[in-house]
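# pasted the sequence and its predicted model underneath.
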Amino acid sequence: MIYAFLADGFEDVEALGVIDVCRRAGLEVKTVSIMPTEVVESAHGVRVVADSMLADNDYTGAEMLFLPGGMPGAQHLNDCEPLCEVIVAHYKAGKPLAAICAAPMVYGNLSLLKGKRATCYPGFEQFLAGADYTAALTEQDGQFFTGKGPAAALQLGYDIVAHFRGANIAEALKEGMMYNFI
């Protein structure tokens, strides 16, 4: 199970693009609201009903945690102490963590990116404490998968699919979604 954490102000394309690609590949993705209600409003006013609330899940069996960017969504994620506790436990278990745009700052602020290659939205690299900021569209180093911004959403999804299902499945999905034609 991949858990995708949503907070008011999340970037629509980043959250839904990654979730869509993963689900097309047959990966189970559960959206989680860290807000007081299951309805979470994106940075562009799209309301999404999350599958669950933060406190409703046992994350010990999670395969991956995913943080979409967008502001103030990424800041809400960063400020959510219960979420940060889940992230640290997942990190200590050696399991994969993904984030895009401004959201890699959560991992940086938790001092989890030290010595790792990472990317994020330009201007947020200052929050990637100890990381080697690459400015690449997507980056994968050890258990971390990071994306630069909205245009990286599909590629980050394909990177995640390649990790869990294999490069052949990710390539077939790219072909079927017409990604290779851009």
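Yep, it's here. Residues are numbered from 1 along each chain as shown.
# pLDDT weak spots in the protein?
Applying pLDDT under 70 to the chain picks out no residues at all.
# show me the strands in it, by range?
Taking DSSP state E as the criterion, the chain contains strands spanning 2-6, 29-33, 39-41, 47-49, 52-53, 64-67, 97-100, 117-118, 132-133, 138-141, 144-147.
# dump those into CSV; add distance to residue 180 and mean neighbour count as well.
Every C-beta, even on glycine, is put in place using the N, C-alpha and C of the backbone. Listed next are the strands of the chain as CSV, based on distance: least, CB to CB, whole Å; neighbours: other CB atoms under 10 Å:
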stretch, distance to residue 180, mean neighbour count
strand 2-6, 24, 25
strand 29-33, 23, 21
strand 39-41, 32, 18
strand 47-49, 29, 13
strand 52-53, 34, 14
strand 64-67, 24, 26
strand 97-100, 21, 28
strand 117-118, 25, 21
strand 132-133, 28, 16
strand 138-141, 16, 20
strand 144-147, 18, 28
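# export the ones you listed to a markdown table and tack on distance to residue 164?
Below are the strands of the chain laid out as a markdown table (distance: least, CB to CB, whole Å):
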| stretch | distance to residue 164 |
| --- | --- |
| strand 2-6 | 8 |
| strand 29-33 | 11 |
| strand 39-41 | 25 |
| strand 47-49 | 23 |
| strand 52-53 | 21 |
| strand 64-67 | 8 |
| strand 97-100 | 11 |
| strand 117-118 | 20 |
| strand 132-133 | 25 |
| strand 138-141 | 12 |
| strand 144-147 | 11 |
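# out of the ones you listed, which comes closest to residue 110?
Residue 110 lies closest, by CB to CB, to one member of the strands of the chain: strand 97-100, at 9.9 Å.
# neighbouring strands - and their directions - for the closest one?
Applying DSSP bridges, strand 97-100 is found paired with strand 64-67 (parallel), strand 144-147 (parallel).
# nearest to residue 102, of those?
Of all those, strand 64-67 comes closest under CB to CB, at 9.3 Å.
# OK, contacts around residue 159?
For residue 159, the contacting residues are 138, 140, 145, 170, by CB atoms under 8 Å, 6 or more residues apart in numbering.
# between these, which sits nearest residue 50?
residue 145 (21.3 Å).
# without its sequence neighbours, what residue ends up closest to that closest one?
Leaving aside its sequence neighbours, residue 145 sits nearest to residue 98 (CB to CB, 6 or more residues apart in numbering; 4.0 Å).
# now residue 94
residue 143 (6.3 Å).
# hmm, the one you found is touching residue 92, no?
No: counting by CB atoms under 8 Å, residue 143 stays clear of residue 92, with 10.6 Å between them.
# so between these two, which is more surrounded?
residue 143 (17 against 9; other CB atoms under 10 Å).
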